[in-house]
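Colleague: Okay, sequence plus prediction incoming.
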Amino acid sequence: MKYDLEIIKKEIADSKADNKEELEIYRLKYISKKGIISELMNILKNSSNEDKKNIGQKINEIKHLAKQKLLELSQYLEISTISDIKEDLTLPPLEKLGSKHPLSIVTNSLIQIFQKIGFNLSDGPEIEDDWHNFTALNIPPNHPARAMQDTFFIDKDFVLRTQTSSIQIRKMENTTPPIRTISVGRVYRNEAISARSNCIFHQIEALYINKKVSFKDLKQTIYYFAKELFGKNVKIRLRPSYFPFTEPSAEVDISCIICNQKGCKICKYTGWVEIGGTGMIDPNVLDNCKIDKKIYSGFAFGMGIERITMLKYKINDLRLFTENNIKFIRQFKKLNI
Ligand code: DAH
C-alpha cells in the first residue's frame, strides 16, 4: 500500500489550525470525499479478506482520530476567535481551554478498550419502561429482586432507569445474534448522597451473545479489560453472587491498585475492590427477547464508572465528580486525550 498508516496517524495527531483556512485545508486533506480517509476506505473495500483483517481496524482507528481532531480543531478555533474580539473589560475573564472531566476520560478509554475487541456502542433512554428495566430482565412485578435497587418511579409504568442492563434488552429485541455491544450511561437510584454513593451515577454494560459462549469467554474479556485499563499487574476475582438476569452470576473484584493489596481503607483491608456484576445471560431473558436459547448463549457485565475512575485516579470522594470544583478538574488536564 502506498500509505504508511502509522505516519498518517501521527500527522493527524500533530495537525494544527490557527485559522479557518488552515482548518479547511485539514478537512480537505483528510475528511473530504477526495481526502485520505475516503481513499483508505476505498483501499480497504477492495482488499482481500486477509488484508481487511490486518489493516481494517487500524484504518477505522485513523478515521475516528481524524474526525475527532477536526472537532477539536474547530472547537479550539471557536474559543480563540472569541478571544480575538476586542476586549470588553466588563466581562468576567475568559477561562483558558477547559479540561475533560475524569469520568469522560475514563468513559472514552473504556469505549476504546472494548472497540479494540469488536464491541460496538448501543444506547437507550434514561426514562425507561417497566419491561426493559425490570420485567424482561427476569424481574417480574412483585419479585423481591425489585427491592435490590431503590427506584425513582415516574408513574406506575415508567422509571428513571436504575441500570444500563435495560439497554441489553433493547439491543437483543432488535438484533439477530451475534451481538457484541457495550453501552454507557447515567443511572438513577434513590440513595442518600455520601462519599461512596450518589443518586445519579454512570454504568458501562457489556453484552456478548453468540453460539457456544462460555464462562471462559466472560472471564477472559473482563481480565483483558482490567489489564488494559489498570495495567498488566492487575488481578481479577469473580465471587459467586445473584442477579436475576444471569445464571450463574458473579461479583467482579479487582486487586486493590491503591495499596497493591497490602490493605487500605479503600479495599477495607481485604486487598480486593468490587467494580461490578456479571454472569451468563439467564435463558428466561433470551426467551423474553425472542432469542433461541438452544442455539445461543451469552454473557453480560455491568460496572460503575465512578468506582473505576476513583480507583484509577485515587479519588476518595464520589461527590467530587459533581461539585464542578475547577481545581479538582484541572488536575486531569495533562491526561486529556
Ligand atoms: N445491573 C447490575 C447492577 O446495576 C449490574 C450487572 C450485574 C449487570 C450482572 C450485568 C450483569 O450485565 O450481568 O447492579
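Modeller: Yes, it's here.
Colleague: drop to CA atoms for contacts and neighbour counts, all remaining ones
Modeller: Will do.
Colleague: list the contacts for N138?
Modeller: If you count contacts by CA atoms under 8 Å, 6 or more residues apart in numbering, N138 has them with P244, F245, N284, V285.
Colleague: do that again at 6 Å, thanks
Modeller: P244, F245 (CA atoms under 6 Å, 6 or more residues apart in numbering).
Colleague: how about the residues of the stretch 51-200 of the chain near the ligand?
Modeller: Selection of the stretch 51-200 of the chain residues close to the ligand by CA under 6 Å from any ligand atom yields Q163, S165.
Colleague: For the ligand, what's its nearest residue on the stretch 51-200 of the chain.
Modeller: The minimum distance from the stretch 51-200 of the chain to the ligand, using CA to the nearest ligand atom, falls at Q163 (4.6 Å).
Colleague: Skip the chain neighbours and tell me the closest residue to that residue.
Modeller: V187 (5.6 Å; CA to CA, 6 or more residues apart in numbering).
Colleague: ok but the one you found is inside a helix, no?
Modeller: No: using DSSP: H, G, I helix; E, B strand; the rest coil, the secondary structure at V187 is strand, not a helix.
Colleague: pretty sure it is touching V159, no?
Modeller: No: the criterion here is CA atoms under 6 Å, and V187 misses it with V159 at 10.5 Å.
Colleague: Please give the element, helix or strand, for E39.
Modeller: In this assignment (DSSP states H and E), E39 forms part of helix 36-45.
Colleague: could you pull out the strands for the stretch 1-150 of the chain?
Modeller: Secondary structure of the stretch 1-150 of the chain (DSSP state E, counting those that start in this stretch): strands at 120-122, 127-129.
Colleague: tell me what the last one is packed against?
Modeller: In other words, strand 127-129. strand 158-160 (3 or more CA pairs under 6 Å, 6 or more residues apart in numbering; DSSP states H and E).
Colleague: after the strand it packs on, next one along is what?
Modeller: Counting by DSSP H and E, what follows strand 158-160 is helix 165-174.
Colleague: Counting by contacts, list what that next one packs against.
Modeller: Using 3+ CA pairs under 6 Å, 6+ apart, helix 165-174 sits against no helix or strand.
Colleague: what about 10 Å?
Modeller: Helix 165-174 sits against strand 120-122, strand 127-129, helix 130-133, strand 179-188, strand 200-211, helix 283-288, strand 296-304, with contacts defined as 3 or more CA pairs under 10 Å, 6 or more residues apart in numbering; DSSP states H and E.
Colleague: Can I get those in a markdown table including mean neighbour count, distance to S255 and mean pLDDT?
Modeller: As requested, those are exported to a markdown table (neighbours: other CA atoms under 10 Å; distance: least, CA to CA, whole Å; pLDDT from 0 to 100):
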| stretch | mean neighbour count | distance to S255 | mean pLDDT |
| --- | --- | --- | --- |
| strand 120-122 | 16 | 28 | 97 |
| strand 127-129 | 19 | 34 | 98 |
| helix 130-133 | 22 | 31 | 97 |
| strand 179-188 | 21 | 23 | 98 |
| strand 200-211 | 21 | 20 | 98 |
| helix 283-288 | 19 | 31 | 98 |
| strand 296-304 | 23 | 15 | 98 |
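Colleague: Can you say which of these is nearest to K45?
Modeller: K45 lies closest, by CA to CA, to one member of the helices and strands packed on helix 165-174: strand 120-122, at 20.1 Å.
Colleague: what packs against that closest one?
Modeller: helix 102-116, helix 165-174, strand 179-188, strand 200-211.
Colleague: Next, format those as a markdown table and append distance to Y76.
Modeller: Below are those laid out as a markdown table (distance: least, CA to CA, whole Å):
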| stretch | distance to Y76 |
| --- | --- |
| helix 102-116 | 18 |
| helix 165-174 | 34 |
| strand 179-188 | 27 |
| strand 200-211 | 28 |
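Colleague: Flag every buried residue along stretch 237-248.
Modeller: Within stretch 237-248, the residues that count as buried by 16 or more other CA atoms under 10 Å are R237, L238, Y242, F243, P244, F245, T246, E247, P248.
Colleague: First-to-last residue distance for stretch 41-59?
Modeller: 7 Å (CA to CA, to the nearest Å).
Colleague: returning to that earlier point: give me the common contacts of V187 and V159.
Modeller: Common contacts of V187 and V159 (CA atoms under 10 Å, 6 or more residues apart in numbering): E126, I127.
Colleague: quick one on the thing from earlier: the residue nearest to Q163 against I167, yeah?
Modeller: No: in this structure V187 lies outside contact range of I167 using CA atoms under 10 Å: 11.5 Å.
Colleague: Quick check: neighbours shared by the two?
Modeller: In contact with both V187 and I167: E126, R161, using CA under 10 Å, 6+ apart.
Colleague: ok, longest helix in the chain?
Modeller: helix 49-84 (DSSP state H).
Colleague: List the residues that contact N60.
Modeller: Contacts of N60 by CA under 10 Å, 6+ apart are I37, L40, M41, L44, A66.
Colleague: By neighbours, which of the residues you listed wins?
Modeller: Counting neighbours by other CA atoms under 10 Å, the top entry in these is A66, with 24 neighbours.
Colleague: Excluding chain neighbours, what is closest to it?
Modeller: Nearest to A66 is I12, by CA to CA, 6+ apart, at 6.2 Å.
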